[in-house]
Each structure stands twice: as structure tokens, then as C-alpha cells.
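Asker: need a 3D model of the sequence below.
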Amino acid sequence: MVNLMRLIVMMMLSLQAMAETNTVVIGLPVVEDRKSSPLDKFVASSRTPVIKQNKVASLVRKQHGNSRILNIVLTERAGLPVYKVKTLSNDGVLKHVYVDGRSGEVFD
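Answerer: Residues are numbered from 1 along each chain as shown. Next up is the predicted model:
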């Protein structure tokens with residue numbers, strides 16, 4: 001019974017210490033809750049597209065002038081924003097063209 005009481009007291013002291021140091025228990029082990037860092041802000045900003053959808057349409061029309069744009073969807077590749085543009089040529093060929101959401105580079 002004494003060992004059980006000792007265990008309960010130790011657990012309560014551990015919980016109190018975790019609450020004071022702003023840590024979160026996720027199963028085992030204890031993982032500290034961290035604040036956002038400048039790196040987190042950089043990563044988030046690198047995922048945000050710089051160019052807008054209407055500019056993407058304009059860039060694709062310049063390279064694929066004989067094609068009709070059917071759809072533009074913002075996706076992510078390797079953590080970077082990429083627009084996936086579905087085009088239909090005058091010959092009836094359906095094609096996907098990709099546009100870098102940061103630089104505007106068009107690639108097939």
C-alpha cells in the first residue's frame with residue numbers, strides 16, 4: 001500500500017512539473033509543446049503561391065495558344081505551390097500543364 005501511495009505522489013509531482021514547463025504528454029515519451037519559429041514562417045510562406053490563377057491562365061495561353069484551358073487547380077509538390085492546368089487542344093488532345101506557383105515557370 002505504501003508503494004502505491006508513493007507511486008501516486010510521484011505521478012502527481014510529475015504532472016505538476018509538466019504543467020509548469022508547458023509540456024504535453026503524447027503517449028510515452030514526453031514531448032514539449034514548441035512555439036513557432038522563423039523557419040516555420042518561412043516554410044509556410046514558401047507554400048503560398050505568389051502568382052494568381054488569372055496570371056497562370058495567361059502564362060499557359062502564351063505557351064499553348066492553340067489550347068483551351070478547362071481547369072486550374074492549386075496543388076503542392078515537394079512542399080511548393082504548383083498549379084495543375086488541364087488543357088484541351090484544337091486536335092482534341094487533353095493535356096495537363098504545370099505552373100510553378102512562386103516563379104510562374106510553365107512545364108509539362
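
Asker: give the closest residue to V60 in space, chain neighbours not counted.
Answerer: If you skip the residues right next to it in sequence, V60 has V85 as its closest partner in space, 5.1 Å away by C-beta to C-beta, 6 or more residues apart in numbering. Heads up, the C-betas are built off the backbone N, CA and C, glycines and all.

Asker: now swap in R61 and tell me
Answerer: Excluding the flanking residues, the one nearest R61 by C-beta to C-beta, 6+ apart is I69, at 7.2 Å.

Asker: what's the helix or strand that contains K62 in contact with?
Answerer: Following DSSP states H and E, one finds K62 within helix 53-63. For helix 53-63, the external contacting residues (C-beta atoms under 8 Å, 6 or more residues apart in numbering) are 51, 67, 69, 72, 74, 83, 85, 87, 97, 99, 101, 104, 106.

Asker: I figured the fourth one hits T87, correct?
Answerer: No: using C-beta atoms under 8 Å, I72 is not in contact with T87, being 9.9 Å away.

Asker: can you pull the residues that touch both of the two?
Answerer: Contacts common to I72 and T87, judged by C-beta under 8 Å, 6+ apart, are absent.
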